[in-house]
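coords please:
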Amino acid sequence: MSEEVPVADDELAAAIEENPEAVAEFVRRLDGVNDLLDVLALGESALTDDMVRELSGTTATLAESADEIATDETVGLAGAVGDNGEELQDALESLVELQRTGTLDELIELAEVLSLGTAALDDEMVRSLAATGGSLGELAQTAADDDARDGIETLLEGVGEAEREAPEQVGPVGLVRAVRDPDVQYGLGYLLSLAAALGRAQSADAGERGRRR
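Purely as a prediction, here's the structure:
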């Protein structure tokens, strides 16, 4: 590194003569800097040892707090809040409204009652509920079958049409006359087919119950 060559007095004087305004501005700024340094020095000298220790302790506490806050969990939570700010705001407003109206306390009490009821269930009750749930699931699965759904729709349509027509009292002669109607004949055939299917299902259920025993 080349050594700096000191500026000669005559060169300095010439520079001042060429730029008097710049030199004056520099001096004014230098005075301001000196005043600021004096104020800082005065404040520093006014600090007692206890004040210095307290300030350093406060700084350390703030640093430790920042370290504890800046964990992976809090950073992840902050990110989640940022990504779902509007939804969280709506949820908090709803929660505040529930608290204000007293509904939140009622919901908590209801949850406690449900929890108590669940804890009070013995094994036999749990098995019974599970069996009931399984039966309902099987019933729902059967009802979802295409043929079963079509049959239920047919029956419902027939019931609705029958309700729209005023029923008539029918005697033996009227019954014989009605049997000649093709629609009645088709309906009777459907009912006979349904009766046969019910009989087969009932027989299969009875056999299954007998094997379980």
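
From here on, just use CA atoms for contacts and neighbour counts.
Fine.

Specify the local secondary structure of residue 170.
coil (DSSP: H, G, I helix; E, B strand; the rest coil).

residues in contact with it?
By CA atoms under 8 Å, 6 or more residues apart in numbering, no residues touch residue 170.

could you redo the last one with a cut-off of 10 Å?
Shown in contact with residue 170 (CA atoms under 10 Å, 6 or more residues apart in numbering): 176, 177, 178.

what are the phi and psi values for the first one?
For residue 176, the backbone dihedrals are phi -60, psi -40 (criterion: degrees, to the nearest 10).

roughly how far apart are it and residue 169?
13 Å (CA to CA, to the nearest Å).

The two - which one has more neighbours?
Between residue 176 and residue 169, counted using other CA atoms under 10 Å, the more crowded position is residue 176 (11 against 6).

wait, what's in contact with that one?
By CA under 10 Å, 6+ apart, residue 176 lies in contact with residue 170.

re the thing from before, right, and out of the contacts of residue 170, which lies closest to residue 27?
Nearest to residue 27 among these: residue 178, at 124.3 Å, using CA to CA.

Looking at that closest one now. What's its pLDDT?
On pLDDT, residue 178 comes in at 83.

So what's the residue count around it?
The burial count for residue 178: 14, using other CA under 10 Å.

what sits against it?
So residue 178 contacts 170, 172, 184, 185 (CA under 10 Å, 6+ apart).

cool, and residue 93?
87, 99.

in what helix or strand does residue 110 lie?
helix 103-120 (DSSP states H and E).

Can you spell out which helices and strands pack onto that helix?
In terms of contacts (3 or more CA pairs under 10 Å, 6 or more residues apart in numbering; DSSP states H and E), helix 103-120 is packed against helix 85-101.
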